[in-house]
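Colleague: give me a model of this one.
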Amino acid sequence: MTSPDSLPPTPSDASLLVVEAFIDGEAIDLAALKDALAHPEGREHLVELLALREAVWTMAPRGYAPAERARRPFERGVRWFAVAAAVMLSVTTGYLAGQGAARRPAESSGVEAIVLDHSVNAAPPLPTHVIPLRSGVNWTETSGGR
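Modeller: Numbering: from 1, shown residues only. Next comes the predicted model:
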């Protein structure tokens, strides 16, 4: 059995972070990476990170592109030209449709307007039912506007 002093020292959390930074593509100190990978725990951590990255990548939806490819100035110009042409086409079509509607005579819409002659003094209609109000029975006088 070996003594605890003869075992190689385990990597610290900082050296495992160097492995993680390496996997993420960050700038790292190569000597620190070599030191971290010299320990079995560092190599095991690297393998686990690679397996995790592969598992996440396979779970991504189909057709997922992590970074959009750079477009050339010509492609951007063509896209903006197409957008401007579509806007101009829709504005012109709307203008011409409005001009055509303004030139047509108004068709009968089926709405009938009735004008009442209020100059004739007409009597109100006779009531069909009279409701008698008797004080104290179905009507009570109160003061204060209630």
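
Colleague: how about the strands in the chain?
Modeller: Here the chain has no strands by DSSP state E.

Colleague: show me where it has its helices.
Modeller: For the chain, helices defined by DSSP state H occupy the ranges 13-23, 30-37, 40-59, 73-103.

Colleague: which stretch among the ones you listed comes nearest residue 117?
Modeller: helix 73-103 (34.8 Å; C-beta to C-beta). For every residue, glycine as well, the C-beta is placed using N, CA and C.

Colleague: report the mean confidence score over the closest one.
Modeller: The average pLDDT within helix 73-103 is 89.

Colleague: how far away from the center of its chain is that helix?
Modeller: 27 Å (C-alpha atoms, centre = their mean, to the nearest Å).

Colleague: buried residues, that helix. List them.
Modeller: Of all the residues in helix 73-103, not one is buried under the rule 16 or more other C-beta atoms under 10 Å.

Colleague: residue ranges with poor pLDDT in this structure?
Modeller: 1-11, 60-70, 104-109, 120, 144-146 (pLDDT under 70).

Colleague: 90 instead, please
Modeller: 1-19, 22-30, 32-33, 35-36, 39-40, 42, 52-78, 97-127, 130-146 (pLDDT under 90).

Colleague: burial count for residue 42?
Modeller: The number of residues packed near residue 42 is 21, by other C-beta atoms under 10 Å.

Colleague: there's contact between it and residue 16 in this structure, I believe.
Modeller: Yes: using C-beta atoms under 8 Å, residue 42 makes contact with residue 16 at a distance of 6.6 Å.

Colleague: what is the burial count for residue 45?
Modeller: So residue 45, with other C-beta under 10 Å, has 21 neighbours.

Colleague: quick check: it touching residue 21?
Modeller: No: Residue 45 is beyond contact range of residue 21, at 11.9 Å (criterion: C-beta under 8 Å).
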